[in-house]
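In: what's the 3D shape of this:
(one chain, ligands or ions: 1)
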Amino acid sequence: MSSKTLLIENGLLITLDAERRIIPNGSVAIEGNRIVDVGKSEEIRWKFQADRVLDAREKVILPGFVDAHVHLSEHIIRGLVPDDAPLHAWLPEWLFPVYSILTPEEEYYSAMLAFIEMIRTGTTTFCEAGTLFDVESVVQAAEDIGIRGIVGRWTWDLPQTPLRMRQTTEEALKQNEALLSQINRNRNHPNGRDSRILAWPIILGIGTVSDELIKGAKSLADSYGVGFSMMHLATDPASGTKDTVPVSHLEELGILDKNVKLVHMVYIQEKDLELLQQYQVSVVHCPTAALRHMKGITRYGRFPEMLDKGICVALGGDSGNGSNHFNMCRIMYLVATLYKDSRMDVNQIPAETALEMGTLHGARALLMQDQVGSIQVGKKADLVLFDTRHVEWQPLLHPINNLIYSVSGHSVDTVLIDGEIVLERGKFTRINEEEIYSRVDQLSKRLVQRSGLQVKMKWKEV
Ligand SMILES: [Zn+2]
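Out: The predicted model follows:
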């Protein structure tokens, strides 16, 4: 049985393949959900009897971006936390009152809003930082809009409050196991390999999880053949050397491995870099969150050194209050500029490397390097078409410089995920964006009201 063939032609392809080819007047041939040919349009055209041809004249075609750390449950209260709220007050005073009362419908719309923002700015794959309660709602939203990603549950076992989030080690592991077996095994395809949605064990950082939980979650990941994500590690320079212990402590626990992804990793030392390199652990750098949370990334961050050592450094948008966006174009811009300025060295994180971090490194960190992250034969057809008849692309002399330094994401025109067009000429094909915004706005205001919190603005509404 042959699946439908879609031919995208006449585009400027930035392939991110092994030779990093850029192909003007290029074509991508897609059969079902996979890329079956890539090359010059005049060579590809005669080879395929396409069911559909998409003319990509005046478009730049890229592999979809990968956001390796996003808090989907928080998007529904984006912007609520005042920008002068002390960091220690964030969770107890601003987030927990909301988290404790979140409903499945609110988690659905929160995730949906996040997915709309990601797809509109070119991200086609995400990794959840940990859904608070209702992972099924998140899976439903992902399936409704058609995005690819990894889901998981916010997991910890040490904090005693808020009550609704309290878990024993055993409960935390049981819930993760149930989730992995439900989402990864009960799909049509073993290990969910052909599904757009997978589940991983996702646990919070040091101080909120016991050694037993860390080890248990890692062995769950191993037995299900998936990855393991640990959030919020080495985030705080104020904690002195205390926060550098975890990487070596993780080695003692025997969990440093290729399928482990550690997030933030700002404040680390030389010996930590060596451990990450030795065990091929992936790191997720979240520059927008680090800036809002004053992590001192330009003072303490060792991300350029990680890249020099060949460590996989993916990128993450983090959260609706600590970022506050999931726009990979703006995130890549930051990594390409921050370290040049802070070290006064033009060679720090070139534009091309920033793009690799947002695509190939993201794919590797999510163990999807054989499936997404570049435009290559055999990979899933996750593609973004940018409209270059937009001021942010003009003039089109150096497409990579344009993409990293001037493009905001507003010029994303068409997005394909798994061979399916989910955004076509700026319009979502599966969902009604306007209706979702109306519902999100309603739910968000009611949620804040129910929580007893108040939006604190310094300027008065009159
Ligand atoms: Zn986070």
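In: Over to Leu180. Which of the three states is it?
Out: helix (DSSP: H, G, I helix; E, B strand; the rest coil).
In: Can you give me the separation between the residue of the stretch 101-250 of the chain found nearest the ion and Pro395?
Out: The stretch 101-250 of the chain approaches the ion most closely through Ala129 (4.5 Å), counting by Cβ to the ion. All C-beta atoms are positioned from the backbone trio N, CA, C, and that covers glycine. Distance, Ala129 to Pro395, by Cβ to Cβ, to the nearest Å: 39 Å.
In: So these two - more neighbours on which side?
Out: Ala129 (26 against 7; other Cβ atoms under 10 Å).
In: Spit out the contact partners of that one.
Out: In this structure, Ala129 makes contact with His69, Val70, His71, Leu72, Trp154, Ile202, Ser229, Met231, Val263, Gly316, Asp318, Ser319, judged by Cβ atoms under 8 Å, 6 or more residues apart in numbering.
In: ditto for Thr388
Out: Leu12, Glu58, Lys59, Val60, Gln394, Leu396, Ser411.
In: now do Leu173
Out: Neighbours of Leu173 in contact, by Cβ under 8 Å, 6+ apart: Leu213, Gly216, Ala217, Leu220.
In: next one: Glu420
Out: Contacts of Glu420 by Cβ under 8 Å, 6+ apart are Asn33, Gly146, Thr429.
In: Relative to the ion, how far out is Glu270?
Out: Glu270 sits 25 Å away from the ion, taking Cβ to the ion, to the nearest Å as the criterion.
In: and that residue, how far is that from Lys309?
Out: 10 Å.
In: Now name the helix or strand holding the most centrally placed residue in the chain.
Out: By Cα atoms, centre = their mean, the chain has its centre lying nearest to Asp67, at 1.8 Å. For Asp67, the host element (DSSP states H and E) is strand 65-70.
In: pLDDT on the top helix by length along the chain, on average?
Out: What stands out as the longest helix in the chain, according to DSSP state H, is helix 433-451. Confidence for helix 433-451, expressed as mean pLDDT, is 98.
In: Quickly run through the sheet partners of the helix or strand bottoming out on mean pLDDT in the chain, with directions.
Out: Using mean pLDDT, DSSP states H and E, strand 228-233 stands out as the lowest-scoring helix or strand of the chain, at a mean of 80. Taking DSSP bridges as the criterion, strand 228-233 forms sheet pairs with strand 202-203 (parallel), strand 260-264 (parallel).
In: Mind giving me the packing neighbours of the longest helix of the chain?
Out: Contacts defined by 3 or more Cβ pairs under 8 Å, 6 or more residues apart in numbering; DSSP states H and E place helix 433-451 against helix 96-99, helix 104-120.
In: again, only this time at 10 Å
Out: Under the contact criterion of 3 or more Cβ pairs under 10 Å, 6 or more residues apart in numbering; DSSP states H and E, helix 433-451 touches helix 96-99, helix 104-120, helix 135-145.
In: and the stretch 251-400 of the chain, which of its residues are near the ion?
Out: Asp318 (Cβ under 5 Å from the ion).
In: all strands of the stretch 251-400 of the chain, in order?
Out: Using DSSP state E, counting those that start in this stretch, the strands assigned to the stretch 251-400 of the chain run over residues 260-264, 282-285, 313-315, 383-387.
In: What is the distance between the shortest one and the centre of its chain?
Out: So the one you mean is strand 313-315. 9 Å (Cα atoms, centre = their mean, to the nearest Å).
In: so what strands line up beside that strand?
Out: strand 282-285 (parallel).
In: Next, count neighbours for Glu356.
Out: Glu356 has 23 nearby residues by other Cβ under 10 Å.
In: contacting residues around it?
Out: Listed by Cβ atoms under 10 Å, 6 or more residues apart in numbering, the contact set of Glu356 reads 16, 20, 307, 312-314, 332, 349-350, 362, 364, 373-374.
In: ok so, going back, pipe the strands paired with strand 228-233 into a markdown table and attach mean pLDDT and mean neighbour count per row.
Out: Shown next, in a markdown table, are these (pLDDT from 0 to 100; neighbours: other Cβ atoms under 10 Å):
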| stretch | mean pLDDT | mean neighbour count |
| --- | --- | --- |
| strand 202-203 | 90 | 28 |
| strand 260-264 | 94 | 26 |
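In: Out of the ones you listed, which is closest to Glu107?
Out: Closest approach to Glu107 among the strands paired with strand 228-233 (Cβ to Cβ): strand 202-203, 15.0 Å.
In: Whatever residue of the stretch 201-350 of the chain ends up closest to the ion and Ala114: what is the separation?
Out: Nearest residue of the stretch 201-350 of the chain to the ion: Asp318, at 4.6 Å (Cβ to the ion). Asp318 sits 11 Å away from Ala114, going by Cβ to Cβ.
In: what's the overlap in contacts for those two?
Out: Asp67, Val70, His71, Glu74, His325, Phe326.
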